[in-house]
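In: A structural model of the following input is requested.
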Amino acid sequence: DGVTDDTTAFTKATNSSIVIPSGTYKITTNVTLNGEVEFLLGGMLSTTSAIITFNNKIKAPLNKIFNVSAYTSIVVAKTKQQIGYPEWFGAIPNNGSSDCTPAINNCIKVFDVTEFQSNDYYCFSPIVVGVGFKTLQGKTANTWINVGDCTRIISTSATYNIIEVGYSSLPTGGINNFMPNTCINDLYLTRSVAPNANYGAAGILFKYTLYTFVNRCRSNESLIGFHMLATCQTHLTDCYAFRSSVASTGTDYFYGFYLNGNTTIGSGGNASTYLDKCNASVGGISPSSFNSSGIYLDAGFADTFINDFECVYCRVGININGNTSQAGNVNLIIKNPVIDVFHFAGIFINNTSRTGAIEIIGGYAAPISTANNTSWGIWCNGSKSALSITGFQVVGISSTTTGGLNLTNSEGVTAMNNLYTEVNQQGVVIVNSKNCYIADVIRNSRTATNAAIKLAGTNSRIKLDCQVSSGNGSAVFGLGYQILETTTGTDTNNIPKLT
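Out: The predicted structure follows:
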C-alpha cells in the first residue's frame, strides 16, 4: 500500500528470484537483491532515502516501477542489466501535459542504455547526459507522419536545448578528461513552440565531450540543429537539421550543424569532427530573410572531415568563418557536398588562418532563382589558409546573377578542374589576392554581358590556365578576360584558353 514498511520481506528474499505483484512496496533501509526480479503490471518499489541494489536482471512492463526521490536510490549491475526505460521512472508518453524529463534523466543516470519507444515524449526542460559511457536509443527517427511512427522528443520550451551532452565547464587535465563515450541513435527532436532567437537553443548541445557518436538523428525547429563546443572525436552520421518556423523573438538565424570554435582546446575549438551523409535544410522561410547556414564552422577548428553533406534552401551551404589571429583552421576536408538552392554562397570561406589547410573535393552548388546579385558558388574573402579546390561544379542555370569562384583579399588558393556553367555574373573574379593558381572550365550557352574572368585591385603572383567556351558555338561573354588591376600581378603568359 506504500505505507507499510516492506523492507524485512525483501531482505529475507535477498538471494532469491523475486516476483513483485501489483501494489506499492515501501523500502526504508538499504536492500540488495541478488536474484532476478520480475515486476508484474502495477508492481512498484517506493523509497525516499534507501538504496535498492539489483545484482541481477530486471523484468518489467513499460510502467512505473521505481517511485524514488533521487536516482541514487536505484543501483543496477551493469553486466546484468544495461537497458532501462524512462517509463520505469514514471514517464508518460503521448501526453503533452506530462513532463517526461525527470524520468528520462533518472534513467540515463542509472542505466547504461536508455531505450525509448515509438512514442512522443514531451519535455519541459533539457535532457542531460552528464556522465560518460551512456547510450540513448530511439526508434526510426527519419520518418514521422503520425504518433507512433518513431521516437520523438518534443520540447515545450522556446529557450532550452533539447538534449545537453557533456560537462558544463572545462575539466582539469585537458581533453583526455572530457566526458567520454556517448552514443545517441534514432531520435527525432522537435519543439511544440517556435524558438526564441535570443537564447540560441539547440537540438543537441555537445560540450567538453570525447568520443561521441550520433546516428540517424533529426533535429527540427531549433536555432541550431547540432551544436559542438569544445569537443573532440565527434561523429555524426546520417543526421538531419531542419527549420520551418520563424523565431518568436529576436533576430532569427539557423545553423544546421554549428562547429563553435570560440572555446579553444589544443589547436582549435573542436578537434576531430566527422560529419558523414548529414543534411540541413530550411522550408517555408525565405533564405533572403534570415541568416541560415547548413554547416557553420566558426573561429578555431581542426581535423574536420565533411563527407557527402547535402543542404537545401539555406543562405549559405557551408559557412567557414576562421580566425586569422590564432593557429588552427587546419585539416578541413570537404568531399562531395550537394548544395542546392543557396542564396548568397554555396561555400563561403572567410578570414582563415595562414597556418590552415583546407580541401574541397568534388560536389556542386546551384543557386535559388532569386539569388543575391552577388552570389557565388565558392566565395573566399580573406582566406589565408592553403586552399585546394578540385572537381567542384557550380551550376548557375536557375539564376542570372550567380558567379563561379570569387577570390577577394585571399592567398594560396589552387583551383583545378572545377566546372562553372551558366554563370552569368562571372566565371572567376580575383580581387586584391596573391599566390593563386586557377585552372578551371567556364562554359555558358546563354549570353552574358560580364567577362568570363575578371581581375581587379592589386593582385600578385596570379597564374591562370582556364578554358572559356560556349555551349552554342557563339560568343556568350562580353569579354573573355578582363584586367582592371591597379598593379598588374598576373602571369600573362598563361592567359585563359578561349574557344
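
In: going forward, measure contacts between C-alpha atoms and count neighbours the same way
Out: OK.

In: So in this structure, which strand runs the longest?
Out: For the chain, the longest strand by residue count, based on DSSP state E, is strand 434-444.

In: which secondary structure elements does that one contact?
Out: Where contact means 3 or more CA pairs under 8 Å, 6 or more residues apart in numbering; DSSP states H and E, strand 434-444 is packed against strand 413-421, strand 460-464, strand 467-470.

In: Which residues does that strand contact?
Out: Applying CA atoms under 8 Å, 6 or more residues apart in numbering, the contact partners of strand 434-444 are 409-424, 427, 452, 459-471, 476-477.

In: Need the buried ones from these selected in PyMOL.
Out: Per 16 or more other CA atoms under 10 Å, the buried members of these correspond to this PyMOL selection:
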select buried, resi 409+410+411+412+413+414+415+416+417+418+419+420+421+422+423+424+427+452+459+460+461+462+463+464+465+466+467+468+469+470+476+477
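
In: Turn the helices and strands packed on strand 434-444 into JSON lines, including mean pLDDT and distance to D238.
Out: Output for the helices and strands packed on strand 434-444, formatted as JSON lines (pLDDT from 0 to 100; distance: least, CA to CA, whole Å):
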{"stretch": "strand 413-421", "mean pLDDT": "97", "distance to D238": "27"}
{"stretch": "strand 460-464", "mean pLDDT": "91", "distance to D238": "39"}
{"stretch": "strand 467-470", "mean pLDDT": "85", "distance to D238": "37"}
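
In: Could I get those strands in a markdown table, plus columns for distance to D252?
Out: Output for those, formatted as a markdown table (distance: least, CA to CA, whole Å):
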| stretch | distance to D252 |
| --- | --- |
| strand 413-421 | 32 |
| strand 460-464 | 40 |
| strand 467-470 | 41 |
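
In: low-confidence ranges in the protein?
Out: The chain contains residues with pLDDT under 70 at 141-144, 264, 266-268, 324-328, 371-373, 471-475, 487-499.

In: At the geometric centre of it, which residue sits there?
Out: F257 (2.9 Å; CA atoms, centre = their mean).

In: quick one: that residue and Y240 touch, right?
Out: No - if you go by CA atoms under 8 Å, F257 and Y240 don't touch, sitting 9.0 Å apart.

In: who touches both of those two?
Out: With CA under 8 Å, 6+ apart as the test, F257 and Y240 both reach G225, A280.

In: give me the number of residues near A9?
Out: A9 has 11 neighbouring residues, counting by other CA atoms under 10 Å.

In: Tell me the buried residues in whichever strand or helix holds it?
Out: Element membership for A9 (DSSP states H and E) is helix 7-12. Residues of helix 7-12 classed as buried: T7, F10, T11 (neighbour count, 16+ other CA under 10 Å).

In: ok, longest helix in this structure?
Out: Ranked by number of residues, the top helix in the chain under DSSP state H is helix 101-110.

In: packing partners for the first helix or strand past that helix going along the chain?
Out: Remark: after helix 101-110, the chain's next helix or strand is strand 113-115, criterion DSSP H and E. Helices and strands touching strand 113-115, by 3+ CA pairs under 8 Å, 6+ apart, are strand 83-84, helix 101-110, strand 134-137.

In: residues in contact with the longest helix of the chain?
Out: 70-72, 74-76, 84-91, 114, 122-129, 131, 134, 136.

In: Could I have the buried ones of those residues as ChimeraX selection syntax?
Out: Selecting only the buried entries of these in ChimeraX, with 16+ other CA under 10 Å as the criterion:
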select :71,74,75,76,84,85,86,87,88,89,90,91,114,122,123,124,125,126,127,128,129,131,134,136
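
In: related to what we said a few turns ago, can you pull the contacts of the residue nearest to the centre of the chain?
Out: I224, G225, F226, H227, M228, A241, A280, G294, I295, Y296.

In: List the beta-bridge partners for the fourth one.
Out: The bridge-partner assignment for H227, based on DSSP bridges, gives L205, Y258.

In: follow-up on the earlier one: from L297, how far out is the residue nearest to the centre of the chain?
Out: 8 Å (CA to CA, to the nearest Å).

In: what's the answer for G362, then?
Out: Distance from G362 to L297, by CA to CA: 19 Å.

In: Please apply the same query to A197.
Out: Taken as CA to CA, the span from A197 to L297 is 19 Å.

In: So if I had to pick from these two, which one is more boxed in?
Out: For A197 versus L297, the count of surrounding residues by other CA under 10 Å is larger for L297: 25 against 21.

In: Next, the more buried one: secondary structure please.
Out: Assigned with DSSP: H, G, I helix; E, B strand; the rest coil, L297 falls in the strand class.

In: Wait, it touches N260, no?
Out: Yes - when contacts are counted by CA under 8 Å, L297 is listed as touching N260 (6.4 Å).

In: just how off-centre is stretch 384-394 within its chain?
Out: Relative to the chain's own centre, stretch 384-394 is displaced by 23 Å; criterion: CA atoms, centre = their mean, to the nearest Å.

In: Could you shift the numbering so residue one becomes 880, and keep it that way?
Out: Done: numbering now begins at 880, and the last item shifts to stretch 1263-1273.

In: Other residues contacting it?
Out: Stretch 1263-1273 is touched from outside by 1203, 1208, 1230-1245, 1256, 1283, 1289-1300, 1302, with contacts defined as CA under 8 Å, 6+ apart.

In: swap in stretch 1155-1166?
Out: Defining contact as CA under 8 Å, 6+ apart, one finds that stretch 1155-1166 is touched by 1114-1125, 1135-1136, 1173-1174, 1185-1194, 1221-1222.

In: got the end-to-end distance for it?
Out: End-to-end distance for stretch 1155-1166: 24 Å, by CA to CA.
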